[in-house]
Structure formats: C-alpha cells, structure tokens
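Colleague: requesting a structural model of the entry that follows:
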Amino acid sequence: MRILILGAGAVGLTVAAMLSEHAEVYAVCRKRYADAISADGFVMTGIWGEKTCRFPCGESAPAGSWDYIIISTKSAATREICEKYHHLFGDAEIVSLQNGIGNEEIIGEYTSHVIGAMIITGFEWRGDNAVFVSVDGGKTMFGRFPKGTDDAARKLSVLFNASGIRSDVSSDIKSVVWSKAFYSCSLNPLGAVMECPYGELRKAPAWNIITNIVSEAFAISKAEGVELPQKSASAYLDFLMQEKIPPTAKHYSSMYQDIISGRLTEVDYMNGAIVKLGRKHGIATPVNEMMVNLTHFKEELR
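Modeller: Below is the predicted model:
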C-alpha cells in the first residue's frame, strides 16, 4: 500500500512513522524537518512508545500513483495543498486528518474520493525531528464523507490498528468530525489563552464559558442538519466532562503550542467556523466570537 502524507507536521510525521513499518509511506513536510529526519531519523516518545523511525520525506511529493493521500496540514492551508497537489489525486482516496470544520468540503471540490477522519491524540514537538505523544482521547475514526463506509475506509482503519494506532470506522463521519470540533472549540482556544492544560478547564469560571461555547455550537449543528450522538448541549457537556477531558487532562492545546512557537492558530476554522455559520443562519454566537478575538489578540502579543 502506497501512502502520501501532505502537510506533515507533528501529527502527520508521527502517523508516517507509525505507518512506515507496515506500508510504503512518503511525507511532504518543511525542509528543516526533512533534513533533521534524514540525518538522525524521527524520534518518537510518549504513550505510543519510544523509538527512532526512518522513512522518506521531503519538501515535494515524488511522482507516481498512491492508494491513500492523507492531508494533515493546518486547516488554513487545505485549499493551498489541494491546488498544489490535486494533479496527484487520481484514483487515490484523499483523507482529511485535520482539525476544524470544512476541510472535507474543500477537498471535495478536487476529488470525489473523500474519506473523513478524526484523531484525538496529543502531539507535542520536542525538536525538528522529535514528537512526544502526550495523551490518547479515543480511537482514530474513518468514514466515507459525509456519510457511509466502505472497503477503502475499513482497509485504512485496519492499517492504523496494525501500526499501533487504535482505529475504527463510522457510517456518519461528518457527525464524528463535528463532535471533535465541539471538543476543540471548547478546550483548544481557552486552554491557549489561559495557558493551562485541559484538566484545569473543569473549574467553574472556565466551565461557564465552555457551557456557552457548546450551547452556541449545538444550535449551529442543528441548523446545519448535523446529528451528533448527544441530543442536547447539556448531554454533550456531560460527555465532555465525564469522558473526553479525563484522558486528556494533562494536555496543553495545539493552539497554545502554536502561540508559544509564534505560529498562527486554527481558531478561524474552529470557533471561527461556528461564528461564520451563525451569520449564515442568523444565530448569535457571541462567546465563540469572543474566543476568536481573544485568541488572535494572544497571537499578536507574542
């Protein structure tokens, strides 16, 4: 099986390292990452094991056909990646292994072979060729976007499981992606602004903000016709408090890591997406909009 990973950062490179022992993998990434990996290998530490992996990577993709092309870039770069590499898509299954809302819809403008995915694992840089896997919030999920499943999704799930990444398939991957988006909207920017791990956000002042974020997002999901497993905002909040935060309580959000490293965050594709859809449906989303502004303010302070 030939797999190309585009826009590989901490997530994409770690997944490439895991899959490389069971498939032919090539990762397209920044030059400094490729140079460091070529020289010393890719060093993994944390809950997925400690090892040094070697796999081919570089700034551009090699020629040839691929069975799967996994896009793992930040959401802001999804269209740029598609514009640059859609000539390679061919009959490959294009997998969005990203945060945020709207990535699969953009990819769908370039191919009819779209697999949605959701990964809820903590990845923290430890160097240009080193990532620490900090927490595991559940199985990585795959499914034909927006609904349904098939052999292509199942084969990818089997490969991930064989490679040591817990995985499964869903017949409603759009719902799964939105559920992850709720998790991200609730914890990611607030954890970044307050510079604290997710577990601290269970305290009452923070939870009051999260309650409003989720209530607004739930109204948007209903307007969009997205059916979440939880049938109300309060049911999602219970799910978040009881099942999702405990295994990721020590994790510092990706936006926090972006800000301290001087990178732009993905808040426009999480809370910002909720605000944009709120305007479309005439639904007020003041708390999500506040989180967008606070996060951008934090970016400018660094």
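
Colleague: can you list contacts of the helix or strand containing residue 81?
Modeller: If you go by DSSP states H and E, residue 81 is part of helix 78-85. Contacts with helix 78-85, where a contact means CB atoms under 8 Å, 6 or more residues apart in numbering, come from 6-7, 28, 61, 69, 71, 73, 96, 98, 103, 106-107, 109-110. Where C-beta positions appear, they are placed from N, C-alpha and C, glycine not excepted.

Colleague: list the buried residues of it.
Modeller: When neighbours are counted by 16 or more other CB atoms under 10 Å, the buried residues of helix 78-85 are found to be 78, 81-82, 85.

Colleague: out of the residues you listed, flag the one nearest to residue 191.
Modeller: Of all the buried residues of helix 78-85, residue 191 sits closest to residue 78, with 23.3 Å by CB to CB.

Colleague: show me the strands in this structure, by range?
Modeller: With DSSP state E as the criterion, the chain has strands at 2-6, 24-28, 42-46, 51-53, 57-58, 68-71, 93-96, 114-118, 121-127, 130-136, 140-144, 167-169.

Colleague: pull the distance from the fourth one to the chain's centre.
Modeller: Which is strand 51-53. 23 Å (CA atoms, centre = their mean, to the nearest Å).

Colleague: contacting residues for residue 248?
Modeller: By CB under 8 Å, 6+ apart, the residues touching residue 248 are 120, 122, 135, 137, 187, 198.

Colleague: most neighbours of all those, which one?
Modeller: Most neighbours among the contacts of residue 248, by other CB atoms under 10 Å: residue 198, with 27 neighbours.

Colleague: distance of that residue from residue 168?
Modeller: Applying CB to CB, to the nearest Å, one obtains 23 Å for the distance of residue 198 from residue 168.

Colleague: likewise for residue 81?
Modeller: When distances are taken as CB to CB, residue 81 and residue 168 turn out to be 26 Å apart.

Colleague: residue 72 contacts residue 7, doesn't it?
Modeller: Yes. The pair residue 72 and residue 7 passes the contact test of CB atoms under 8 Å, sitting 5.5 Å apart.

Colleague: ok, residue 62 - contacts?
Modeller: Applying CB under 8 Å, 6+ apart, the residues contacting residue 62 are 26, 56.

Colleague: distance of it from residue 49?
Modeller: 28 Å.

Colleague: OK, contacts around residue 162?
Modeller: Contacts of residue 162 were listed using CB under 8 Å, 6+ apart, and they are residue 22.

Colleague: which of the buried residues of helix 78-85 sits closest to residue 205?
Modeller: Relative to residue 205, and with distances defined as CB to CB, the nearest of these is residue 78, at 34.4 Å.

Colleague: pLDDT wise, what is the closest one at?
Modeller: According to the predicted model, the pLDDT of residue 78 comes to 96.

Colleague: just residue 250 next, same as before
Modeller: Per-residue confidence (pLDDT) for residue 250: 89.

Colleague: run a quick neighbour tally on it.
Modeller: For residue 250, the neighbour count with other CB under 10 Å is 12.

Colleague: and the nearest residue to it once chain neighbours are set aside, how far is that from residue 244?
Modeller: Across the structure, with CB to CB, 6 or more residues apart in numbering as the measure, the residue nearest residue 250 apart from its sequence neighbours is residue 197 (5.2 Å). When distances are taken as CB to CB, residue 197 and residue 244 turn out to be 14 Å apart.

Colleague: quick one on the thing from earlier: nearest to residue 220, of the contacts of residue 248?
Modeller: Ranked by distance to residue 220 (CB to CB), the contacts of residue 248 are led by residue 187 at 17.6 Å.
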